[in-house]
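Participant: give me a model of this one.
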Amino acid sequence: MVFNTATVGSAVTPAVVQTFISHYIDRKPRAQKPTAHISYDEGLHLIRKFLLYASHHTVEDIQRFTSQWVPHPRWVKVDEVKIPQEHLTKAAGALQDQLGHHGIERVGGKTWWQWRRPGSELKAEWIEMRADYQERKKNKDDGKRVMLYVHGGAYFFGSVDEHRYQMQRHARKLKARVFARVAGDNQMDYIPPHGFHQRPSLSWPPPNSDDMLAIEEGIVKNLAHQGKSSHPQEREADAVQGFHMNKHPEAGTQNDTAAAGPKEIPGPTANTVSGPNQDLSIMLDGNLIQIKDQIQMYASNQLISHPLVSPILQPSLGGLPPLLILTGGGEMLRDEQIYIAHKAANPTKYPPGNAFLDESPHDHNRSQINRWKPTDVQLQVWDDLCHVAPTLSFTRPAKYMYRSIAQFGAWALARAQKTEIEILDDDDVSVISQSDSDVDAAENGQDSEKKNKETIASQVGKAGNNLPAFKHHMIRQRVDRYGNIYHLEPESELIGCNLSPDEIGVIKEGPVRKWMTAKKQWDSKYASAKRRVQRKRAKEIAKGYQTFGDGEVPPPSALAGRIRTGEDMHEEKKKRSTGLSMWALWGSKHDKTTLDKEQEADREPETITATAGDGAGARPLNDTKTTQGKRMDDGALGGKSRSRSHRRIVADENQTGNNSDDIDENTPAAKLLAVRQEHGESIEGAEHLVAPVSATTHGSGASDSPVPVILIQESGHDEIDQKRPKLDGAAFPFTLKGHKTSASMTTITSQAGVSPANDMEVSGATQNGVISEAGDA
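Facilitator: Numbers count the residues shown, from 1 in each chain. Now for the predicted structure:
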């Protein structure tokens, strides 16, 4: 069947209508869940239905559909660029160095994976708000705020066009440029619990080990000419269904673990740990199941445990830049993401099993565990949300996610560039700052009552808000659909953090059962199609494929390994997709609304002309105060700024602590200030900071116990005002003559008898704690 906008629309429309009706008729199961929002409920079911419909088409069909051209809004500036070959060559060299000799052998060579279609260039896009671009050019700013966006699309479908509506949201939030190159049953997610299955084609599934053996023996060649099978009926069934069931395995066969060595389990074992030159197998109900067909589209069964494919099996994830990991509480991969977040923040606590550590020679993997310091990680688990919820950018929960990403991104930019950055404060114009309806607000109150035993730590921040401090290199949060943040349960209560290393990277009975069930359904329905593909593939192999030289053996799933001699491999020209354009328009609606509100907020008010003669008989302009008011002017403080600015400044506030061993999250601010000044870092406003000390213990010996230090921002008035003692913020009507201004005058209510800490003094301060100025001696 044709796979286009019309057929997709006819397939998903019934699901959209059914969801709309059931949403209002049967609301009880949706209560206190993200699906209580109609937009989220509709979006979730629409994507789920699309993926189900797409699974009954070939990989080529879905790749062709999702790679079509989608126009971008006029208020978004998009520049397409081509990646020069020199950069591709440099990247390939870096990857080869990372793989090493052992890794290059595992992946089948070092050149075949660099192949590209003739005339095909690697392209990317710069995505930016047009208004931000114009402002940047006006200020001659090359642009230091850059986000690199790489979206997987299950690693086999998708494009920049398909996901641009998400990238432009990130660009708007951060006022940045985005550089984009896209490459258990759970009813709250749209990812199939049995994995992705597609209608058979030359691309999928690739020939399995039995197919390759049959080709070598000439059996497939006979099938191509005769259309009949010369091998037993059992192998014929295996060739169609993609796995073999051995009902009489060797006595005592057990499933393997990731423990050290092949002899860790006495007796015969099933190959539940992925490795080179062996099929995956597992014991189920006393039968040995041998998995023949490839499971994942992005890697062969022998490579799914490679650390570059499954980072959870890296020896260490320490030493990385700060990470923000967002996972939906209702998605299939929730526990994996929770595990990987804790692994990055505490590498030595979550090493892979010995089977993976022993794979590389010379104990290379083991030496990596303690090589890198912990990575700073902010982990947010969003109650009941699906996989990659920002895909549903038009929904309220997803909008909160974008806020969180912008908050982290602003901090990361400021920290990396060691400077302050300006961020748009769009709270007054943001759609999610207002409730959808009174019903929505009421439901939030009901949720809060049900969670009254939990303490709401805060609300989801936005770009410009302070990021919380990291504790043990983590910010651990659980977020509900209203953006309320709660403390995440301790590691001991999280399933994902309590698996034995011997169970990580090992195939499990539950997922294999689901995969087999779905595999039987697809292979039974498309058995004849699969056999036709196998015969056609046999004919192609007989004609010959292009090769890449000695030592280059592309896996069967690689397109590079299926290039027929003399075949024209040029890419087809992209066509506009009406369906994806409508989806992108839906996703862009919030951005357009916010931009319109920003322009309205920044617009100068309309003016009319007024003359001095208007309002005759009014009080003179400058005669504003009574006699008592004029007396009160003495010592009055300056007024507060009433700027209408919609910008705020973001700076790193040492949330991760200092790299020095003697500095952590408990280090007094005075010491941090001194360290920064020792490194030559200027502190804006430092000349106005004073460190309070106790008035009654000034000059006494230092206490062994640390005393908290508070830096006070002075008002900027003359020293007379500073000499006036204060009580609860109110100044007495006299000064203390003959005394220099001191922090003690400001802290007369400080606790008596507490000695100042050794590190209380700030560099450049006098003995009494006041910053020295020119002329003081």
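Participant: so which strand or helix has Gln344?
Facilitator: Just so we're on the same page, residue 344 is Ala rather than Gln. helix 334-345 (DSSP states H and E).
Participant: who's in contact with that helix?
Facilitator: The contact list for helix 334-345, computed with CB atoms under 8 Å, 6 or more residues apart in numbering, reads 311-312, 317-318, 320, 323, 325, 327-328, 349-350, 374-377, 379, 381, 472-474, 491, 494-497, 499, 504. From N, CA and C alone the C-beta is placed, and that goes for glycine too.
Participant: the helix or strand following it packs against which elements?
Facilitator: Moving toward the C-terminus from helix 334-345, the next helix or strand (DSSP H and E) is helix 354-357. Secondary-structure packing of helix 354-357 (3 or more CB pairs under 8 Å, 6 or more residues apart in numbering; DSSP states H and E): helix 364-369.
Participant: so after the helix it packs on, what's the next helix or strand?
Facilitator: Following helix 364-369 in sequence, per DSSP H and E, is strand 377-382.
Participant: name the helices or strands packed onto that following strand?
Facilitator: Against strand 377-382 (3+ CB pairs under 8 Å, 6+ apart) you get strand 323-328, helix 334-345, helix 396-417, strand 474-479.
Participant: helices or strands up against the following helix or strand past the last one?
Facilitator: So the one you mean is strand 474-479. Using DSSP H and E, the helix or strand that follows strand 474-479 in sequence is strand 484-487. Counting by 3+ CB pairs under 8 Å, 6+ apart, the packing neighbours recorded for strand 484-487 are strand 458-459, strand 474-479.
Participant: neighbours of Pro321, how many?
Facilitator: Look at Pro321: counted by other CB atoms under 10 Å, it has 9 neighbours.
Participant: could you check how far it is from Ala344?
Facilitator: 10 Å (CB to CB, to the nearest Å).
Participant: quick check: neighbours shared by those two?
Facilitator: Thr375.
Participant: list the residues that contact Gln368.
Facilitator: With the criterion set at CB under 8 Å, 6+ apart, Gln368 makes contact with Gln314, Pro315, Ser316.
Participant: and those, which are buried?
Facilitator: Gln314, Pro315, Ser316 (16 or more other CB atoms under 10 Å).
Participant: from these, which land in helices?
Facilitator: Mapping the buried ones among the contacts of Gln368 onto helices (DSSP state H) picks out no residues; all lie outside.
Participant: mind putting these into a markdown table with distance to Ser524?
Facilitator: Putting these into a markdown table (distance: CB to CB, whole Å) gives the following:
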| residue | distance to Ser524 |
| --- | --- |
| Gln314 | 39 |
| Pro315 | 42 |
| Ser316 | 45 |
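Participant: out of those residues, which comes closest to Thr593?
Facilitator: Gln314 (42.1 Å; CB to CB).
Participant: now tell me which helix or strand of the chain has the poorest mean pLDDT.
Facilitator: Least confident helix or strand of the chain, by mean pLDDT, DSSP states H and E, is helix 743-746 with a mean of 34.
Participant: quick check, Asp132 in contact with Leu174.
Facilitator: No: between Asp132 and Leu174 there is no contact under CB atoms under 8 Å: 9.5 Å.
Participant: which of the two has more neighbours?
Facilitator: Neighbours per residue (other CB under 10 Å) separate Asp132 from Leu174, with Leu174 holding more: 26 against 20.
Participant: wait, the more buried one touches Lys144, no?
Facilitator: No: counting by CB under 8 Å, Leu174 sits too far from Lys144 to count as a contact (11.3 Å).
Participant: overlap of the contact sets of those two?
Facilitator: By CB under 8 Å, 6+ apart, the residues touching both Leu174 and Lys144 are Leu413.
Participant: what's the neighbour count on Ile127?
Facilitator: Neighbour tally, Ile127, other CB under 10 Å: 25.
Participant: over to Leu580?
Facilitator: 24.
Participant: tell me which element it is part of?
Facilitator: Per DSSP H and E: helix 578-602 holds Leu580.
Participant: for the helices and strands packed on strand 484-487, which one sits closest to Lys110?
Facilitator: Judging the helices and strands packed on strand 484-487 by CB to CB, what sits closest to Lys110 is strand 474-479, at 37.5 Å.
Participant: so which bits of that closest one are buried?
Facilitator: So for strand 474-479, counting by 16+ other CB under 10 Å, buried means Met474, Ile475, Arg476, Gln477, Arg478, Val479.
Participant: identify the residues contacting the first one.
Facilitator: Applying CB under 8 Å, 6+ apart to Met474 gives the contacts Ala341, His342, Ala345, Asp376, Val377, Gln378, Leu379.
Participant: quick check: mean pLDDT across the helix holding Leu580?
Facilitator: Across helix 578-602, the average pLDDT comes to 72.
Participant: still on that earlier bit, which of the helices and strands packed on strand 377-382 comes out lowest on mean pLDDT?
Facilitator: Lowest mean pLDDT of those: helix 396-417, a mean of 89.
Participant: tell me the angle it makes with strand 323-328.
Facilitator: Going by axes from the mean of the first three to the mean of the last three CA atoms, to 10 degrees, helix 396-417 is angled at 170 degrees with respect to strand 323-328.
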